[in-house]
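K.L.:
quick one: sequence plus predicted model below, questions after.
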Amino acid sequence: MKIAIIGTGNLGASIAKGIIKEELSTSLVLTKKSLDSLEEFISIKGVQCTTDNSLAVRQSEVIIIAVQPAQMTQVLKALKSDLKPSQLVISTVTGYSIEQMGSVLGSEQPLVRAMPNTAIAVGQSMTTLCSNHPAASKMEHALNIFNCLGTTLAISEDKMQASTVVCASGIAFWMRLIRANTQGAIQLGFDAKEAHEMAVQTCFGAASLLVASGNHPESEIDKVTTPKGCTIEGLNEMEFRGMSAAMIKGMKASFDKINDIAAVK
Ligand SMILES: NC(=O)C1=CN([C@@H]2O[C@H](COP(=O)(O)OP(=O)(O)OC[C@H]3O[C@@H](n4cnc5c(N)ncnc54)[C@H](OP(=O)(O)O)[C@@H]3O)[C@@H](O)[C@H]2O)C=CC1
Ligand SMILES: O=C(O)[C@@H]1CCC=N1
């Protein structure tokens, strides 16, 4: 498969790493305005780095666009004359609708919106996707690509913003919780390296238990909370301090902000 990534910034580079790791492409063209940060990709076989979006599009079957929302209209307008209906355009741009893309590129162009997260770099993204293209095969094609880079969920477009908060911003939310856990471990006497290793592996173990069992988190919590024990004491203190409420309120604030971003263009 020949893939182009237009806008190889934080997310685009993560997608590129995942594609390279999983050997998904025969040709991968990465574009950016300034190529300085793409040094790590330059010597990789089958990978080309360029500032020329037009060249990237002409060489590729699948075009993944990962620019900032405010850059998207200008990028699409410039790409329009190079795109053919046989090519699949996948946008990761937050809040930029398929209708908005179609109004620039025309209704013949197969368009998919995908919302991966940065764990795509290690093949562990949770990616949500939607499309309004009548050819189901185009959506299947997109699902197949992202299934090689983690797990996918096809959703309706009106849920894309919410899924961005849960899955894309979610990486940052979980990272902050892991950091808090690490800080707690240091306070209990471990050095920073030990604390980090214990927090990360315990978090990985918790998620792995849920993936393997399909259980509700509370059923796993029940197995750990000895009556009158230390776990329930800690959990109740965390809840008293607003742990669940803070996560839920934070996600709602993030969602409200996304709707502001989407309204700006
Ligand atoms: N970061 C994340 O975890 C996630 C981000 N998203 C969404 O994905 C998009 C990208 O986010 P993110 O990677 O964080 O943003 P970045 O700012 O890191 O990346 C955007 C990239 O686009 C490049 N760019 C801008 N204009 C052009 C152009 N005309 N041609 C080619 N490249 C161009 C920039 O290049 P240069 O630096 O050289 O100017 C930059 O590297 C956003 O819409 C974001 O909302 C979605 C899910 C997760
Ligand atoms: O913070 C942001 O706006 C983007 C969208 C999700 C992750 N990064």
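P.N.:
All right, it came through fine. Ligands and ions are numbered 1, 2, ... in the order given.
K.L.:
tell me the mean pLDDT over stretch 115-126?
P.N.:
Average pLDDT, stretch 115-126: 97.
K.L.:
equivalent analysis for stretch 145-155, please.
P.N.:
The average of the pLDDT scores along stretch 145-155 is 96.
K.L.:
do it and ligand 1 meet?
P.N.:
No: judged by C-beta under 6 Å from any ligand atom, stretch 145-155 makes no contact with ligand 1; its nearest approach is 12.2 Å. Placement of C-beta: from N, CA and C, glycine included.
K.L.:
any idea how far apart the tips of that stretch sit?
P.N.:
Across stretch 145-155, the terminal residues are separated by 16 Å (C-alpha to C-alpha, to the nearest Å).
K.L.:
so what touches it?
P.N.:
Here stretch 145-155 makes contact (C-beta atoms under 8 Å, 6 or more residues apart in numbering) with 1, 15, 18-19, 22, 24, 62, 90, 114, 116, 119-120, 123-130, 139, 143, 163.
K.L.:
out of those residues, which end up buried?
P.N.:
15, 18-19, 24, 62, 90, 114, 116, 119-120, 125-130, 139, 143, 163 (16 or more other C-beta atoms under 10 Å).
K.L.:
can you classify the residue in the stretch 151-265 of the chain positioned nearest to ligand 2 as helix, strand or coil?
P.N.:
Closest contact between the stretch 151-265 of the chain and ligand 2, by C-beta to the nearest ligand atom, is at A168 (3.6 Å). Look at A168: counting by DSSP: H, G, I helix; E, B strand; the rest coil, its state is helix.
K.L.:
cool, the one 10 residues further on as well?
P.N.:
Under three-state DSSP, I178 falls in the helix class.
K.L.:
OK, contacts around it?
P.N.:
Contacts of I178 (C-beta under 8 Å, 6+ apart): 199-200, 203.
K.L.:
can you put these in JSON lines and add neighbour count, distance to ligand 2 and secondary structure?
P.N.:
Formatted as JSON lines, the contacts of I178 follow (neighbours: other C-beta atoms under 10 Å; distance: C-beta to the nearest ligand atom, whole Å; DSSP: H, G, I helix; E, B strand; the rest coil):
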{"residue": "A199", "neighbour count": "21", "distance to ligand 2": "22", "secondary structure": "helix"}
{"residue": "V200", "neighbour count": "13", "distance to ligand 2": "21", "secondary structure": "helix"}
{"residue": "C203", "neighbour count": "15", "distance to ligand 2": "20", "secondary structure": "helix"}
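K.L.:
and which of the residues you listed is nearest to L177?
P.N.:
Nearest to L177 among those, counting by C-beta to C-beta, is C203 at 7.8 Å.
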